[in-house]
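[1] Got a predicted structure here, sequence first:
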There are 2 protein chains.
Amino acid sequence: MSTTYFLEGVDRVMKVLDAFTADEPQLRLTDLSDRSGIPKPQVLRILSTLETRGYVERDPRTKRYRLGLRLFELGAIVRQEMDLRRVAQPWLDSLAEATLETVALVVLDALGPVCVEVVESPKGLRVFAQVGRRMPWNAGTSGKVTLAYLAEETREQILARTEFKRYTNLTVTDPDALRKELRDIRRRGYHVSAGDLDEDALGMSAPIFDEGGTIVAAVSVVAPLTRLSGAESECFVNHVCETAAAISRRLGHRRRADEEAADD
Amino acid sequence: MSTTYFLEGVDRVMKVLDAFTADEPQLRLTDLSDRSGIPKPQVLRILSTLETRGYVERDPRTKRYRLGLRLFELGAIVRQEMDLRRVAQPWLDSLAEATLETVALVVLDALGPVCVEVVESPKGLRVFAQVGRRMPWNAGTSGKVTLAYLAEETREQILARTEFKRYTNLTVTDPDALRKELRDIRRRGYHVSAGDLDEDALGMSAPIFDEGGTIVAAVSVVAPLTRLSGAESECFVNHVCETAAAISRRLGHRRRADEEAADD
DNA sequence: TTATACAGTTTCAATAGGCGTAACTCGGGG
DNA sequence: CCCCGAGTTACGCCTATTGAAACTGTATAA
């Protein structure tokens, strides 16, 4: 296809790397070939080249491939670059202190929100929030909040193109139902969802905007369902919203009238 | 050249990614082209493709390229996989508590040691150790210690192939001088170095071995030169060695006679 | 021990896709 | 108004890449 700027070969490299996940961090050649849809010999050549520079390595024990330290290095550069993280830290800490529940900061890129910082609840029973985990658009709380505040065009593209996965029987997978929920989020300015990503967990998020008024992240509090009574969660929601607002302000965001009104 | 398993195209992708560093995390097309030695149109094509999957992104403000959140995700998988980190954590903590100085854990791969965990000194004046930073072989303390305990063949390859960089006027850049220092490290079982990576810092490290007796990591204590008197550093060295030994033991390593004797 | 299966590696010839040169657009500064 | 440098297209050459298929090696069953 004599089309745009797209190199098949480069895409294949990413396909191979993308085959590794947190759940299956070690893979054999055959697995990689299957997952990426690239014939084995070629995967072998790609891997060997990647190994050259430490992008992948082989576990000497299992002989399987896994992601290499070089990627850890690159990840650290990305992390260091996210000054939002640094900026937000103190507010996250005090939110955690106030709620005694797990607090998370998720940052948005074109592919979705990624959890970049977590302050864990001191309590024994707590929700696990994994730094580095990419969250779905349609389940949990951070994905929906960020989606809600994206520019309409982008949002509609995502709603149209994405095949939404079901996580529990409460997960919303229908685009129209989701659209409705998003409208609701924009009206309220925050979102609370229970049991739609993780059966027994509840989460609440509020959006963080940059100085241009673009959504860039969200703060969430997540907790076991059993622990949050209505009254308490009401109070937590306020904390979350205030935290998000404070961080937004710190980023140079001034709350504007049109946002308050934004409804569709 | 009709060599073995090596794909030019894949290598170029890595060349482009490798152009980004912690010091220069945002680059323009031209910079990337210069640094990687790849002509601009090709770099553009590579970047566009990488952007597709979130491996790089453009700072909307500066229009420059930077590494994307996808790499943060992959880095988090690597981090999660490093069980050495989990295993070592308690010992690092207690070492930090005992010394009140910055403690670091560096892990080895084929390309060198990478700092994967840091416990910061509580004191106001302290050495900055960056998680995710790749350390040089020839300067500082972790690089030399790990190099010292590598299999002779590997070590010699590194000594032969590497162009050692000078960081201060105390940095050892001559392979022969370095060889001598390494022999010394093997005899003592630890290493203390001052001012050869960072003018005013002193570091000490001891090696960590896996159950096969292979070097896999090192623990270090780093501190401002001014703070460590001879007596104190003597005492700290013991702590460091004990910590390293404890972690090694935890990994299944049994100290063997031949290691103690190993001198060349 | 031999037979079987499956992972990984090597070969090789055909060609799709990557490649660099060169020309062009765009925008900012002098 | 022109110049310069960054970024983007166009285009045709040609080689590095590619996948089928054959082969090796190794673990497991019979």
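    Sure thing, it's come through. Numbering: from 1, shown residues only, chains lettered A, B, ... in the order given.
[2] so which residue of the stretch 101-250 of chain A comes closest to DNA strand D?
    A:Ala110 (16.2 Å; Cβ to the nearest atom of the strand). All C-beta spots, glycine's among them, are computed from the backbone N, C-alpha and C.
[3] Check the burial of that residue by counting its neighbours.
    14 (other Cβ atoms under 10 Å in any protein chain shown).
[4] That one touches B:Tyr55, doesn't it?
    No. Contact between A:Ala110 and B:Tyr55 fails when scored by Cβ atoms under 8 Å: they sit 11.3 Å apart.
[5] Can you find which helix in chain A contains the most residues?
    Using DSSP state H, we find that the single longest helix of chain A is helix A:230-250.
[6] what's it packed up against?
    Packing contacts for helix A:230-250, counted by 3 or more Cβ pairs under 8 Å, 6 or more residues apart in numbering or on different chains; DSSP states H and E, involve helix A:83-99, strand A:201-209, strand A:215-224.
[7] could I get these as JSON lines with mean pLDDT, distance to DNA strand D and mean neighbour count?
    Formatted as JSON lines, the helices and strands packed on helix A:230-250 follow (pLDDT from 0 to 100; distance: least, Cβ to the nearest atom of the strand, whole Å; neighbours: other Cβ atoms under 10 Å in any protein chain shown):
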{"stretch": "helix A:83-99", "mean pLDDT": "95", "distance to DNA strand D": "22", "mean neighbour count": "16"}
{"stretch": "strand A:201-209", "mean pLDDT": "96", "distance to DNA strand D": "27", "mean neighbour count": "27"}
{"stretch": "strand A:215-224", "mean pLDDT": "96", "distance to DNA strand D": "23", "mean neighbour count": "26"}
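[8] any idea how far the closest residue to DNA strand C within the stretch 1-150 of chain A is from A:Thr62?
    Across the stretch 1-150 of chain A, the shortest distance to DNA strand C (Cβ to the nearest atom of the strand) belongs to A:Leu29, at 3.1 Å. Distance of A:Leu29 to A:Thr62, given as Cβ to Cβ, to the nearest Å: 12 Å.
[9] higher neighbour count, these two?
    In this view A:Leu29 and A:Thr62 are compared by other Cβ under 10 Å, and A:Leu29 has more residues nearby, 15 against 10.
[10] Check what pLDDT the more buried one gets.
    On pLDDT, A:Leu29 comes in at 94.
[11] residues near A:Gly37, how many?
    The local packing of A:Gly37 (other Cβ under 10 Å) involves 10 other residues.
[12] Now it: phi and psi?
    When quoted as degrees, to the nearest 10, the phi and psi of A:Gly37 stand at phi 70, psi 20.
[13] ok, now A:Ala148?
    The phi/psi pair for A:Ala148 (degrees, to the nearest 10) is phi -60, psi -30.
[14] tell me the contacts of the nearest residue to A:Glu57 once chain neighbours are set aside?
    In space, and not counting its chain neighbours, A:Glu57 is closest to A:Gly68: 4.3 Å by Cβ to Cβ, 6 or more residues apart in numbering or on different chains. Listed by Cβ atoms under 8 Å, 6 or more residues apart in numbering or on different chains, the contact partners of A:Gly68 are A:50-51, A:54-57, B:78, B:109.
[15] swap in A:Pro224?
    With contact set as Cβ under 8 Å, 6+ apart, A:Pro224 has these partners: A:125-127, A:200-202.
[16] ok, what's across the strand from it?
    Note on A:Pro224: beta-bridge partners by DSSP bridges are A:Ala201.
[17] That one and A:Asn238, how far apart?
    Separation of A:Pro224 from A:Asn238 (Cβ to Cβ) stands at 20 Å.
[18] now A:Ser248
    For A:Ser248, the distance to A:Asn238 equals 15 Å [Cβ to Cβ].
[19] When the two are compared, which one has more neighbours?
    A:Ser248 (23 against 11).
[20] quick one: that one and A:Phe209 touch, right?
    Yes. At 4.6 Å, A:Ser248 and A:Phe209 qualify as touching, with contact defined as Cβ under 8 Å.
[21] In terms of helices and strands, where is A:Gly212?
    If you go by DSSP states H and E, A:Gly212 is not part of any helix or strand.
[22] So what's the residue count around it?
    For A:Gly212, the tally of surrounding residues (other Cβ under 10 Å) stands at 11.
[23] Who are the contact partners of the residue in the stretch 51-200 of chain A positioned nearest to chain B?
    Chain B sits closest to A:Gly75 of the stretch 51-200 of chain A, with a gap of 1.7 Å, by Cβ to the nearest Cβ. Listed by Cβ under 8 Å, 6+ apart, the contact set of A:Gly75 reads A:132, B:71-76, B:78-79, B:132.
[24] Which of these fall within helices?
    B:71-76, B:78-79.
[25] which of the residues you listed come close to DNA strand C?
    Residues of the ones in helices among the contacts of A:Gly75 in contact with DNA strand C (Cβ under 7 Å from any atom of the strand): none.
[26] Quick one: the helices in the stretch 1-150 of chain A, in order.
    For the stretch 1-150 of chain A, the helices defined by DSSP state H, counting those that start in this stretch cover A:8-18, A:29-36, A:40-52, A:69-81, A:83-99, A:142-149.
[27] most tightly surrounded among these?
    helix A:142-149 (a mean of 27; mean count of other Cβ atoms under 10 Å in any protein chain shown).
[28] who touches it?
    A:104, A:106, A:108, A:112-113, A:115, A:135-138, A:155, A:158, A:178, A:181-183, A:185-186, A:190-191, A:193, A:203, A:205-207, A:209, A:215, A:217-218, A:220.
[29] Just the buried residues from these, in PyMOL please.
    The following PyMOL line selects those of these that are buried, judged by 16 or more other Cβ atoms under 10 Å in any protein chain shown:
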select buried, chain A and resi 104+106+108+112+113+115+135+136+137+138+155+158+178+181+182+185+186+190+191+193+203+205+206+207+209+215+217+218+220
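[30] Of the contacts of helix A:142-149, which belong to strands?
    Those of those mapping onto strands are A:104, A:106, A:108, A:112-113, A:115, A:191, A:193, A:203, A:205-207, A:209, A:215, A:217-218, A:220, per DSSP state E.
[31] show me the contacts for the residue lying closest to A:Arg126 once chain neighbours are set aside.
    In space, and not counting its chain neighbours, A:Arg126 is closest to A:Thr102: 5.4 Å by Cβ to Cβ, 6+ apart. Counting by Cβ under 8 Å, 6+ apart, A:Thr102 makes contact with A:96, A:118-121, A:126-129, A:221-223.
[32] Let me know the average pLDDT across the longest helix of chain A.
    Mean predicted confidence for helix A:230-250 is 92.
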